[in-house]
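Colleague: Got a sequence here, can you build the structure:
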Amino acid sequence: MNSQVSEMLRHFEEAHKEDIEVITQVLVRITTLSPEQIKPYLDTMLKRLVKAQAERPLYETATPNQLSQAFREWADSHDLNTPLLSDYAVSRKSMYSDEE
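Modeller: Model (predicted):
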């Protein structure tokens, strides 16, 4: 698990400590397992949920400013010395040359 997911999981568990305890107690009641037996299953489920949240695409989670910055960085990563296409290469005639 990468450090971002680990950090998110730690914050999640801290913020929802009481809720996680309630869920554990409910699972203890309905499964007749001990909290120690349930904990690995609950931890795995929480890791999967947090990981899925962390892996959401940028366009789903970013603010407009973050999207703008990411686009600028992407655009700046391209080589400015790439040769341009000729007028013919981008003309309609070249694209549909097989129709003649």
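
Colleague: where in this protein is pLDDT low?
Modeller: Flagging of the chain using pLDDT under 70 yields the residue ranges 1, 97-100.

Colleague: Helices of that one, start to end?
Modeller: 3-15, 17-31, 35-54, 58-61, 64-76, 92-95 (DSSP state H).

Colleague: Adding mean neighbour count, write those helices out as TSV.
Modeller: All C-beta spots, glycine's among them, are computed from the backbone N, C-alpha and C. Listed next are those as TSV, based on neighbours: other C-beta atoms under 10 Å:
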stretch	mean neighbour count
helix 3-15	13
helix 17-31	12
helix 35-54	13
helix 58-61	9
helix 64-76	10
helix 92-95	10
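
Colleague: I'd like those helices laid out as JSON lines, including distance to Ser86.
Modeller: Output for these, formatted as JSON lines (distance: least, C-beta to C-beta, whole Å):
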{"stretch": "helix 3-15", "distance to Ser86": "45"}
{"stretch": "helix 17-31", "distance to Ser86": "63"}
{"stretch": "helix 35-54", "distance to Ser86": "45"}
{"stretch": "helix 58-61", "distance to Ser86": "34"}
{"stretch": "helix 64-76", "distance to Ser86": "23"}
{"stretch": "helix 92-95", "distance to Ser86": "9"}
